[in-house]
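Trainee: Have a look at this prediction, sequence included:
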Amino acid sequence: MLPKQKSIGINTGLLLKKSSGNYFVNTDFIIYSKKGNYSIYSFQYSRQTIP
(Lines give C-alpha, C1' and ligand atoms only; values in the text may rest on other atoms or scores of the structure.)
Protein backbone atom coordinates (compact mmCIF):
# COMPACT_ATOMS: atom_id res chain seq x y z
CA MET A 1 0.00 0.00 0.00
CA LEU A 2 1.90 2.97 -1.30
CA PRO A 3 0.50 6.51 -1.09
CA LYS A 4 -1.26 7.65 -4.30
CA GLN A 5 -1.40 4.04 -5.52
CA LYS A 6 -4.59 3.13 -7.41
CA SER A 7 -5.97 -0.30 -8.24
CA ILE A 8 -8.86 -1.78 -10.21
CA GLY A 9 -10.39 -5.18 -9.52
CA ILE A 10 -12.91 -7.12 -11.63
CA ASN A 11 -14.67 -10.26 -10.40
CA THR A 12 -17.18 -12.46 -12.23
CA GLY A 13 -18.88 -15.70 -11.36
CA LEU A 14 -21.92 -17.96 -11.49
CA LEU A 15 -24.50 -17.92 -8.71
CA LEU A 16 -25.89 -21.40 -9.40
CA LYS A 17 -24.21 -24.10 -11.50
CA LYS A 18 -27.50 -25.69 -12.69
CA SER A 19 -28.79 -22.57 -14.45
CA SER A 20 -26.63 -20.70 -16.93
CA GLY A 21 -28.59 -17.42 -16.57
CA ASN A 22 -27.45 -16.64 -13.01
CA TYR A 23 -24.24 -14.62 -12.74
CA PHE A 24 -22.59 -11.60 -11.13
CA VAL A 25 -20.03 -8.97 -12.14
CA ASN A 26 -18.22 -6.82 -9.57
CA THR A 27 -15.81 -3.92 -10.24
CA ASP A 28 -13.74 -2.18 -7.54
CA PHE A 29 -11.63 0.98 -7.68
CA ILE A 30 -9.31 1.52 -4.70
CA ILE A 31 -7.26 4.65 -3.94
CA TYR A 32 -4.60 4.50 -1.20
CA SER A 33 -3.66 7.65 0.73
CA LYS A 34 -1.24 8.49 3.53
CA LYS A 35 -0.96 6.54 6.80
CA GLY A 36 -2.59 3.37 5.42
CA ASN A 37 -5.97 4.96 4.69
CA TYR A 38 -7.83 4.01 1.54
CA SER A 39 -11.12 4.62 -0.31
CA ILE A 40 -13.09 1.91 -2.09
CA TYR A 41 -15.62 2.54 -4.85
CA SER A 42 -17.51 -0.54 -5.97
CA PHE A 43 -20.16 -1.47 -8.52
CA GLN A 44 -21.90 -4.86 -8.53
CA TYR A 45 -24.44 -6.26 -10.98
CA SER A 46 -26.10 -9.63 -10.48
CA ARG A 47 -28.79 -11.52 -12.37
CA GLN A 48 -30.68 -14.33 -10.74
CA THR A 49 -33.78 -16.07 -12.06
CA ILE A 50 -36.07 -17.88 -9.66
CA PRO A 51 -37.95 -20.86 -11.13
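Mentor: Structure's in. What do you need? Numbering: from 1, shown residues only.
Trainee: can you give me the strands in this structure?
Mentor: In the chain, the strands defined using DSSP state E lie at 6-14, 23-32, 38-47.
Trainee: export those to CSV and tack on mean pLDDT and mean neighbour count?
Mentor: Where C-beta positions appear, they are placed from N, C-alpha and C, glycine not excepted. Compiled in CSV, those are given as follows (pLDDT from 0 to 100; neighbours: other C-beta atoms under 10 Å):
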stretch, mean pLDDT, mean neighbour count
strand 6-14, 92, 10
strand 23-32, 93, 14
strand 38-47, 93, 10
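Trainee: how about K34, what does it touch?
Mentor: Contact analysis of K34 by C-beta atoms under 8 Å, 6 or more residues apart in numbering lists P3.
Trainee: how much space between it and Y45?
Mentor: Taking C-beta to C-beta, to the nearest Å as the measure, K34 and Y45 are separated by 33 Å.
Trainee: quick one: contacts for S33?
Mentor: Applying C-beta under 8 Å, 6+ apart, one finds that S33 lies in contact with 3-4, 39.
Trainee: mind giving me TSV with these and columns for distance to F24?
Mentor: As requested, these are exported to TSV (distance: C-beta to C-beta, whole Å):
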residue	distance to F24
P3	32
K4	31
S39	23
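Trainee: just curious, which of those is nearest to G13?
Mentor: Here the nearest of these to G13, counting by C-beta to C-beta, is S39; it sits at 24.7 Å.
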